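**Student:** Curious how this folds, go ahead:
(one chain, ligands or ions: 2)
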Amino acid sequence: MATIIRNATVATLAGNQPYGLIKQGAIAVQGGKIQWVGKESAIPELYANHHPCDAGGKLVTPALIDCHTHLIFGGNRAQEFEQRLLGASYEEIARAGGGILSTVTQTRAASLDELVSAALPRMDALIAEGVTTVEIKSGYGLDEHTELKMLRAARELANRRPIRVVTSFLGAHAIPPEFKGNADAYIDRVCIPTLQRAAANGLVDYVDGFCENIAFSANQIERVFKVAQELGIPVKLHSEQLSHQGGTALATRYGALSADHVEYATEEDASLMAASNTVAVILPGAFYTLTETREPPIEAFRKYGVPMAVATDANPGSSPLFSPLLAMNMACTFFWLTPEEALLGVTKHAAQALGLADSGVLTPGRRADFAIWDVSHPAELAYMIGFNPLSERWINGECSSCS
Ligand code: NIG
Ligand code: FE
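**Tutor:** Ligands and ions are numbered 1, 2, ... in the order given. Below is the predicted model of the structure:
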């Protein structure tokens, strides 16, 4: 028996109309998949007597996808926040052994269970805003034991809540203290063997890195990408966040699914991204937290047709943001994305940034993952600040928030 969601405004995010909007629309769902979407007046005879569900005129969109997070970590960095407000920069704190490395110490000290328990309320905050797929990175272990522990904790989260979790191996995130001044040795002796071990254990869906003057050079990242390629795992990269290092160009040579942050990316980078189908992941939470002033080249992305995703970058340092709705609002206010671009950024283009062809738009054959919002127009989602109009969250054709 199918379920027919009726009396809905449906933002399919497919087709040529703005938002792919269907007023007085309906969706037929069966077997966890969307079977049919269209005008209520045109519901096929086949579904006429199936189980109806009245959306009460509310807005249905694809469920949200947070395609860039660091949800698993030990401790927090509130003290670093205080230091920054007293004038220290993110880069200075990192160079002095704080920043990412302070989270590494706390993550190494935490058990797998402690990491899972600490991450659950953060993930619940995403779920409360209609997220049904979340990407979670490692990168706060920087040794084999802790990197594997983080990836296992990420996988475990999917057993604790109705959500799809995908994982990125981010061993090339920072140079651990035991390899200070010897990034090459860290890449060869720890990062690459750990990637191979994690992949052999089925823990890695993507390989990521941090290409930056306080982290790894494009050459060092390339050594990791070569191994990812041998393993057949798609890559993505934190590139041009604080300076221009050539990471984006490297990522495009490896057919990266996404280049993330990209504040310092150039028009040339945008044209390379278009040619390699690489999504630009816009992370306004980090821009905001670090009081960055350099904006990503949004006009160039539009000019070359580079899809833009929007994500929280939820992490304890540069982006303690656990609200995709606020990320959408910030992307509009800081970078002049339109509300439609922001919504595409957390749905269709976020799916593309993760290589997930089964979600992100509401069309027949896709996963029946959608969000029902108590708003009358989709622009309201990016417009409101600190307000959550989610009414229902459906995953795999089941309402996970209905009692
Ligand atoms: O995406 N840029 C590098 N990595 C994270 C920051 C992580 C941290 O500060 O703990 C980011 O912003
Ligand atoms: Fe990040």
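
**Student:** Show me which residues of stretch 180-199 are buried.
**Tutor:** Across stretch 180-199, burial judged by 16 or more other C-beta atoms under 10 Å covers 183, 186-187, 190-192, 194-195, 198-199. Heads up, the C-betas are built off the backbone N, CA and C, glycines and all.

**Student:** and the stretch 201-350 of the chain, which residues reach ligand 1?
**Tutor:** Counting by C-beta under 6 Å from any ligand atom, the stretch 201-350 of the chain comes close to ligand 1 at 210, 238, 241, 286, 313, 315-319.

**Student:** for the stretch 51-200 of the chain, same thing?
**Tutor:** Checking the stretch 51-200 of the chain against ligand 1 by C-beta under 6 Å from any ligand atom, the hits are 70, 99-100, 103.

**Student:** Would you mind checking the average pLDDT for stretch 112-121?
**Tutor:** The average of the pLDDT scores along stretch 112-121 is 98.

**Student:** Quick check: the residue nearest the centre of the chain vs ligand 1, distance?
**Tutor:** Centroid-nearest residue in the chain, with C-alpha atoms, centre = their mean: residue 67, separated by 1.5 Å. Per C-beta to the nearest ligand atom, to the nearest Å, residue 67 is found 12 Å from ligand 1.

**Student:** try residue 385
**Tutor:** Distance from residue 385 to ligand 1, by C-beta to the nearest ligand atom: 22 Å.

**Student:** Residue 288 now?
**Tutor:** From residue 288 to ligand 1 the distance is 11 Å (C-beta to the nearest ligand atom).

**Student:** Name the nearest residue to that residue, sequence neighbours excluded.
**Tutor:** Among residues not flanking residue 288 along the chain, residue 330 sits closest, at 6.0 Å (C-beta to C-beta, 6 or more residues apart in numbering).

**Student:** Tell me which residues touch residue 144, please.
**Tutor:** 190, 193-194, 197 (C-beta atoms under 8 Å, 6 or more residues apart in numbering).

**Student:** just the strands in the stretch 1-150 of the chain please.
**Tutor:** 3-11, 21-30, 33-39, 51-54, 59-62, 64-66, 131-137 (DSSP state E, counting those that start in this stretch).

**Student:** now swap in the stretch 201-350 of the chain and tell me
**Tutor:** 206-211, 236-239, 258-261, 279-282, 308-310.

**Student:** List the strands paired with the third one, with their directions.
**Tutor:** This means strand 258-261. strand 236-239 (parallel), strand 279-282 (parallel) (DSSP bridges).

**Student:** contacting residues for the residue of the chain found nearest ligand 1?
**Tutor:** Using C-beta to the nearest ligand atom, the closest approach of the chain to ligand 1 is made by residue 317 at 2.6 Å. By C-beta under 8 Å, 6+ apart, residue 317 lies in contact with 77, 80, 90, 99-100, 103, 289.

**Student:** Could you tell me the phi and psi values at it?
**Tutor:** With angles defined as degrees, to the nearest 10, residue 317 sits at phi -110, psi -70.

**Student:** okay if I get the strands of the stretch 201-350 of the chain as TSV plus mean neighbour count and mean pLDDT?
**Tutor:** Shown next, in TSV, are these (neighbours: other C-beta atoms under 10 Å; pLDDT from 0 to 100):
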stretch	mean neighbour count	mean pLDDT
strand 206-211	27	98
strand 236-239	31	98
strand 258-261	30	98
strand 279-282	30	99
strand 308-310	29	99
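
**Student:** Just put those in TSV and tack on distance to residue 148.
**Tutor:** Converted to TSV, those look like this (distance: least, C-beta to C-beta, whole Å):
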stretch	distance to residue 148
strand 206-211	15
strand 236-239	20
strand 258-261	23
strand 279-282	25
strand 308-310	28
